[in-house]
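A.B. asks: What shape does this take:
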Amino acid sequence: MTTASDWVQGARPRTLPAAAAPVLVGTGAAAQLGEAHLGRAALALGVALALQVGVNYANDYSDGIRGTDVDRVGPLRLTASGTASPGTVKAAAFAAFGVAALLGVALVATTGQWWLLAVGALAIVAAWGYTGGKNPYGYRGLGEVGVFLFFGLVAVLGTTYTQAGRLSWPAWVGAVCIGMLACALLMANNLRDVPTDALVGKRTLAVRLGERWSRRAYAVLVVGPVLLGGIGCAFASPWTLFVLLLLAPAVLLSVTVLLGARGRALVPVLAGTGLLELAFGVLLGLGLAL
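C.D. replies: Below is the predicted model of the structure:
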């Protein structure tokens, strides 16, 4: 029988900071425009968290039924381990997507910008299509593209737009930075799984690049946003320079990966990358708001 603890592990809570960070940055950008709205920010956060949980369960289901999760390092795989039936995990994924959709409708209703529903629908389709369906784009090395677009640009800019009704260049800079950090999170995850993914034909970007270049790409994806966000946005608000405090942990994570950490040694890197993205969201969001 599947326990509540199993479902929590299956939701991969270490990835949830990736959902909160874009809302923090987007809200900070809205505040910089003098238009922050905490109620709408809360709804956006709910949408982001529900989408993240949904995509995690969807990946668990899709990878599980394809047999790509049989020999994995990291969090519990509900489907592959037999802890929960595939149908139940699939239902959990769509339940999370349903929650995201309901909260998204509520958010859009407060703005009157009904065209945003199409963007939300695309986000759900992209979340499912990463590993689901007949031709998942995550298996073709395009996972980072989807993550950058929807967990970076769409998440940050959507948060700003639903509060301010317009966008600013700091919002765009923040969106690019968050997208890069979200890609770093995915890269760390896929770098850990390169040996098993390569065996089962899952051609993630990490598999396509190979370990050497994937490790270099990870370093760029964690250090680059700290420099770009901290220095770039300082032209709008000098308080964003505090983001540069994250340079030390970003370099530490990069060095760990560049020195060849693999397998279980990458699990704390994955957790650290998620926390780095959350800290970045807090510092850049506050820096823009002040």
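A.B. asks: How about the secondary structure of residue 131?
C.D. replies: Under DSSP: H, G, I helix; E, B strand; the rest coil, residue 131 falls in the coil class.
A.B. asks: Identify the residue nearest it in space, chain neighbours excluded?
C.D. replies: For residue 131, ignoring the flanking residues on the chain, the nearest one in space by CB to CB, 6 or more residues apart in numbering is residue 62 at 3.9 Å. From N, CA and C alone the C-beta is placed, and that goes for glycine too.
A.B. asks: and residue 200, how far is that from residue 194?
C.D. replies: 11 Å (CB to CB, to the nearest Å).
A.B. asks: So between the two, which is more surrounded?
C.D. replies: Between residue 200 and residue 194, residue 194 has the larger neighbour count (other CB atoms under 10 Å), namely 20 against 16.
A.B. asks: Quick check: the residue nearest to residue 131 touching residue 135?
C.D. replies: No: at 11.8 Å, residue 62 and residue 135 do not qualify as touching, with contact defined as CB atoms under 8 Å.
A.B. asks: Compare the two and say which one has the larger neighbour count.
C.D. replies: Neighbour comparison, residue 62 and residue 135: the larger count goes to residue 62, with 25 against 8 (by other CB under 10 Å).
A.B. asks: Just after the helix or strand where that one lies, pick out the following helix or strand.
C.D. replies: Assessed by DSSP states H and E, residue 62 sits inside helix 38-66. Once the chain leaves helix 38-66, the next helix or strand it forms, by DSSP H and E, is helix 78-81.
A.B. asks: same for that next one, what does it pack against?
C.D. replies: For helix 78-81, the packing partners by 3 or more CB pairs under 8 Å, 6 or more residues apart in numbering; DSSP states H and E come out as helix 4-10, helix 38-66, helix 86-111.
A.B. asks: What's the mean pLDDT across it?
C.D. replies: The pLDDT scores in helix 78-81 average 88.
A.B. asks: List the buried residues of that helix.
C.D. replies: By neighbour count on 16 or more other CB atoms under 10 Å, the buried set for helix 78-81 is 78-80.
A.B. asks: How far off centre is it?
C.D. replies: 22 Å (CA atoms, centre = their mean, to the nearest Å).
A.B. asks: Using PDB, write out the CA atom coordinates for that helix.
C.D. replies: Extracted in PDB, the C-alpha atoms of helix 78-81 (Å, rounded to 0.1, in the frame of the first residue of the first chain):
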ATOM      1  CA  LEU A  78       6.700   5.100  -7.600                       C
ATOM      2  CA  THR A  79       5.900   3.400 -10.900                       C
ATOM      3  CA  ALA A  80       9.200   1.600 -11.500                       C
ATOM      4  CA  SER A  81       9.500   0.400  -7.900                       C
END
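A.B. asks: Identify all contacting residues around stretch 213-222.
C.D. replies: Residues outside stretch 213-222 that contact it (CB atoms under 8 Å, 6 or more residues apart in numbering) are 180-181, 183-184, 187-188, 190-191, 194, 205-206, 209, 250, 253-254, 257-258, 260, 273, 276.
A.B. asks: buried sites along that stretch?
C.D. replies: 214-215, 217-219, 221-222.
A.B. asks: swap in stretch 199-206?
C.D. replies: Buried, per 16+ other CB under 10 Å, within stretch 199-206: 200, 202, 204-206.
A.B. asks: which outside residues touch it?
C.D. replies: Contacts for stretch 199-206 (CB under 8 Å, 6+ apart): 63, 66-68, 138-144, 187, 190-191, 193-194, 197, 214, 217.
A.B. asks: Repeat the analysis, applying 10 Å as the threshold.
C.D. replies: With CB atoms under 10 Å, 6 or more residues apart in numbering as the test, stretch 199-206 has contacts from 63, 66-71, 131, 136, 138-145, 183, 186-194, 196-198, 207, 213-215, 217-218.
A.B. asks: So residue 2: helix, strand or coil?
C.D. replies: Going by three-state DSSP: residue 2 is coil.
A.B. asks: Done for today, thanks.
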